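Trainee: sequence-free structure coming up:
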């Protein structure tokens, strides 16, 4: 029975700069009132460009940092605001896989020590740790005999697998993956993606998959959410989002992703956004995307669009949503 | 593109470095031809030697590097040129755009001054006013809005994408014949990447510069390149015009690479991604024969692991370094 | 259930991290030579009771000061004491103080620095301001005052020097901890539920080993110099004990005379020791250079 993940009105702010006692600091709302639900056993892909807040959201969900307001529910249990023993118990249920395989492992500890640590903390498989470590390594496609080696003796892809094994050690229900393949070579990515796919099927895991590479997100996700400057601007089942995106930002984003197919590439109609992403500490009034949007009107400056339901389980935050296909050969 | 003048010819280029663990070979026997006006994509993963090749062309390899072979720009040999001769060439005949624009620009000089400086180095006979005008013109070519005003700004006042445009402007300041772009968009957001590729296209249209684009991203290449050279473990494995490379792939590595890419336009989990087993060889420990053989599903012992396969012509302008090039595509996986 | 097995790492299994570091240190010839020289010097000094040619402090007023000769390899001082033996015995004090100060200031500095870096907050700020204070105050003057008050003896000297010496290590460790704290593997440890104690002991400390090793070697060098200076100025080791510094003090009057060697030999001993320690520190630093380690 897989566990669902539900995020409600999550807010995460950062103070940047500031004088002697932090006065006059700018407040950046990295995550600004974001809500969504992931069904048990599904993969929710969260995409957006730098500064959109997706990584911050991921860390908040995995409780690697506190959120300023909002709640997180696992299978109906509210897990926000926990501390101490309750928090530690909860950590068995949600795990996090980091982007950089080179810094995610303690260089001074053997793989066995790294994988045995979560077992020791949560008193799992006591007396049979070595066996469990070997099992975990096999599960991620590595040779159990290499457990006594150090991280630097492995390649990037293998280190990432070790990171995944560490996450699996506590038998979690939900895994937050923050750009798990971005730092890997292209030919290695496929292996790790296939692994993640298999593990989800075998173990009934729920994934929150954060990435900027939409091609990768499309491959693994069931539902996708698009973030821009701290806000969720569109959310839909994966194929709907990629083939019938409603929000202009999503359409621009999709249009910008290159496809390794010359005929498709050269036939596509590109939407090239004007201007730069705005300063996150000082977002535009109303709709945050309006400064770069070709459809923006006065209404967009005064009234912030709210995420509204559309048919087919889609949500979009825009005053003028309209479907457009930007990934296939034919322009809409 | 055949028939156009040959601008750059790389012949049998080899680069190696002495290290504690023995000789590390970065590049071996690389040859390709770049024609004027073309955009060529030099594609490979980390360790393929693509960046080293670019550095060799620019004469920017460390002094400990052992370089052999030939690199000729319009027939003129570049390897072995003295540093002072190379300085004359860099910026005026060949220019480079790097991945990280922030550190490549001087933070305490205005953008206009840096552009003017780039001009002054190769054209000391110009006046300050002329250089200033050229700086504004360059900013305009690369699509920076309000160039008259922005020319007085410092690099940190520009966003990442804008800085990359400034880098491109600096590199084309003296109208080089060849522009080498080494992973120019890898560190950028995807919408900004689209903008920068647009700028490169624009620059090429307006100035007719030949572009050598170094990248690991086959999607980028599919959009902008006329010709592609694929490198693996220090050697060329396949070279072709853009469509034959993708639709008539002749080398198992290229094919494996294409099959391992998740695609934006394919439905999720339609097909399991292909995984190329194993990893690239370490630079100090190349296998004998074809360096892709240990990972190749079509390897034949005795054939592939004896000698490095020479290039075989499979179509017009299409070569593949594979001993079984005629046969492997008929084999069922 | 299992997915495709990938190939293992490079064919040649690489040695563990420590062995790699040792190997690199050994390659650094100056450091290795320094280590051998220093170890020999230390052994010789601490074995003085057995190998010194003459008993400690044995005076021979008839001979008086004399140049190096076959009977007295380093000559004799104004009281006829064999200089070589004096140097060896004095070396025990100098080296012992140097090592004791280094160890003590390292332990205190590491603990305080780690706390300041990991916990931060007002406590961290307080600790750092205290280290700033010690930077501002002229050390030798402060030490002289403290020792006058406590009464100078090797023990009080060690305590006084350590009381000032911990600040360097604290700053260095704090800086390193601040950077380590943000590394993903520390976040990961927190993510699997590790307590702060576990994180500091299992994850931070082992990664601080490099910085600590280098810092300790530097601490030894500066402690020896500090003690020598204090003793030379008269605030340090007092007779009847002697250190290389006190020997310098006693020999100060002989500049320009034929007994100037009384100044050279203790000075040389200090110089050689400090140089060796510094080279060892260099060797450790190179061996631990993150650019060359496959971290």
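Mentor: Looks like it came in fine. All figures in this text were calculated on a predicted structure; none of them were measured in a lab.

Trainee: Just give me the residue right at the centre of the chain.
Mentor: No chain specified, so I'll use chain A. residue A:210 (1.9 Å; Cα atoms, centre = their mean).

Trainee: Sorry, I should have been clearer: chain C.
Mentor: residue C:220 (1.4 Å).

Trainee: so the residue lying closest to it once chain neighbours are set aside, which of the three states?
Mentor: Closest residue in space to residue C:220, ignoring its immediate chain neighbours: residue C:102 at 4.2 Å, by Cβ to Cβ, 6 or more residues apart in numbering or on different chains. C-beta: built from backbone N, CA, C; applies to glycine. Three-state call for residue C:102 (DSSP: H, G, I helix; E, B strand; the rest coil): helix.

Trainee: Over to residue C:194?
Mentor: coil.

Trainee: got it, and residue A:71?
Mentor: Residue A:71 - assigned by three-state DSSP - is strand.

Trainee: Equivalent analysis for residue B:180, please.
Mentor: strand.

Trainee: wait, it sits on residue B:97?
Mentor: Yes: judged on Cβ atoms under 8 Å, residue B:180 makes contact with residue B:97 at a distance of 7.2 Å.

Trainee: Tell me how many other residues crowd the closest residue to chain C within the stretch 101-250 of chain B.
Mentor: Closest approach between the stretch 101-250 of chain B and chain C, counting by Cβ to the nearest Cβ: residue B:233, at 13.7 Å. For residue B:233, the neighbour count with other Cβ atoms under 10 Å in any protein chain shown is 25.

Trainee: what's the helix or strand for whatever residue of the stretch 101-250 of chain B ends up closest to chain A?
Mentor: Residue nearest to chain A within the stretch 101-250 of chain B (Cβ to the nearest Cβ): residue B:219, separated by 2.9 Å. Using DSSP states H and E, residue B:219 sits within helix B:218-224.

Trainee: Wait, the residue nearest to the centre of chain C touches residue C:99, no?
Mentor: Yes: counting by Cβ under 8 Å, residue C:220 touches residue C:99, with 6.3 Å between them.

Trainee: mind checking which helix or strand residue A:15 is in?
Mentor: strand A:5-16.

Trainee: Pop out the phi and psi values for residue B:40.
Mentor: Backbone torsions for residue B:40, taken as degrees, to the nearest 10, come to phi -110, psi 140.

Trainee: Check residue B:235 too.
Mentor: With angles defined as degrees, to the nearest 10, residue B:235 sits at phi -130, psi 160.

Trainee: thinking again about what came up before, what number of residues lie near the residue of the stretch 101-250 of chain B closest to chain A?
Mentor: 20.

Trainee: again with residue A:71
Mentor: Residue A:71, neighbours per other Cβ under 10 Å, totals 15.

Trainee: How about residue B:133?
Mentor: Quick note: residue B:133 (other Cβ under 10 Å) scores 14 neighbours.

Trainee: So which residues lie in contact with the helix or strand containing it, not counting its own?
Mentor: Per DSSP H and E: residue B:133 is located in helix B:128-141. For helix B:128-141, the surrounding residues in contact (Cβ atoms under 8 Å, 6 or more residues apart in numbering or on different chains) are B:111-112, B:115-116, B:119-120, B:126, B:147-148, B:150-151, B:165-166, B:169-170, B:172-173, B:202-203, B:206-207.

Trainee: Buried subset of those residues as a PyMOL selection?
Mentor: In PyMOL, this line selects whichever of these come out buried by 16 or more other Cβ atoms under 10 Å in any protein chain shown:
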select buried, chain B and resi 111+112+115+116+119+120+147+150+151+165+166+169+170+172+173+203
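
Trainee: and residue B:151, what pLDDT?
Mentor: On the pLDDT scale, residue B:151 is placed at 90.

Trainee: er, residue A:203 actually
Mentor: Reported pLDDT for residue A:203: 94.

Trainee: Check the spacing between residue B:267 and residue A:237 real quick.
Mentor: 11 Å (Cβ to Cβ, to the nearest Å).

Trainee: Quick check: pLDDT value at the nearest residue to residue C:85 once chain neighbours are set aside.
Mentor: Nearest residue to residue C:85 in three dimensions, chain neighbours excluded: residue C:52, at 4.0 Å (Cβ to Cβ, 6+ apart). What the model reports as pLDDT for residue C:52 is 75.

Trainee: State whether residue C:52 and residue C:88 are indeed in contact, as I suppose.
Mentor: Yes: contact between residue C:52 and residue C:88 holds when scored by Cβ under 8 Å: they sit 5.0 Å apart.

Trainee: Point out where the chain drops to low pLDDT.
Mentor: All of this refers to chain A. Within chain A, the set of residues satisfying pLDDT under 70 comprises A:17-25, A:324-332.

Trainee: The chain in question should be chain C.
Mentor: C:1-18, C:20, C:289-295.

Trainee: what's stretch B:314-322 in contact with?
Mentor: With Cβ under 8 Å, 6+ apart as the criterion, stretch B:314-322 contacts B:2, B:227, B:235-241, B:244-245, B:248, B:250-252, B:290, B:308-313, B:325-326, B:328.

Trainee: my bad, should have said stretch C:219-235
Mentor: Residues contacting stretch C:219-235 (Cβ under 8 Å, 6+ apart): C:94-95, C:97-99, C:101-102, C:105-106, C:139-140, C:143-144, C:147-148, C:152, C:157, C:161, C:165, C:168-169, C:236-237, C:243-246, C:248-249, C:252, C:270, C:273-274, C:277-278, C:281.

Trainee: Quick one: mark the members of those that sit in strands.
Mentor: Among the contacts of stretch C:219-235, the subset assigned to strands under DSSP state E is empty.

Trainee: Determine the number of other residues adjacent to the residue nearest to residue C:220.
Mentor: Residues near residue C:102, counting by other Cβ under 10 Å: 26.

Trainee: ok, it - contacts?
Mentor: C:165, C:216-217, C:219-220, C:223.

Trainee: repeat that with 6 Å
Mentor: Neighbour list for residue C:102: C:216, C:219-220, C:223 [criterion: Cβ atoms under 6 Å, 6 or more residues apart in numbering or on different chains].

Trainee: Check residue A:101 too.
Mentor: A:156, A:159-160.

Trainee: Most neighbours among those residues, which one is it?
Mentor: That'd be residue A:160 among these, by other Cβ under 10 Å, with 29 neighbours.

Trainee: For that one, which non-adjacent residue is closest in space?
Mentor: residue A:101 (4.2 Å).

Trainee: Against residue A:192, how distant is that neighbour?
Mentor: 10 Å.

Trainee: Name all residues that sit in contact with those two at the same time.
Mentor: What both residue A:101 and residue A:192 touch, as defined by Cβ under 6 Å, 6+ apart, is the set residue A:160.

Trainee: Number of residues surrounding the closest residue to residue B:296 other than its chain neighbours?
Mentor: Leaving aside its chain neighbours, residue B:296 sits nearest to residue B:252 (5.1 Å; criterion: Cβ to Cβ, 6+ apart). Neighbours of residue B:252 under the rule other Cβ under 10 Å: 26.

Trainee: Now do the helices for the chain: every range, in order, please.
Mentor: Looking at chain A here, since you left the chain open. Assigned helices in chain A, in chain order: A:54-61, A:84-91, A:111-121, A:129-139, A:156-169, A:186-203, A:214-220, A:238-243, A:248-256, A:262-267, A:298-302 (criterion: DSSP state H).

Trainee: switch to chain B, that's the one I care about
Mentor: Under DSSP H, chain B gives helices at B:50-58, B:83-89, B:101-104, B:111-122, B:128-141, B:147-150, B:160-172, B:190-207, B:218-224, B:242-247, B:252-259.

Trainee: For the first one, give me every contacting residue.
Mentor: Under the criterion Cβ under 6 Å, 6+ apart, residues B:15, B:26-27, B:30, B:42, B:44, B:61, B:67, B:71, B:96, B:180, B:182, B:214, B:231 lie in contact with helix B:50-58.
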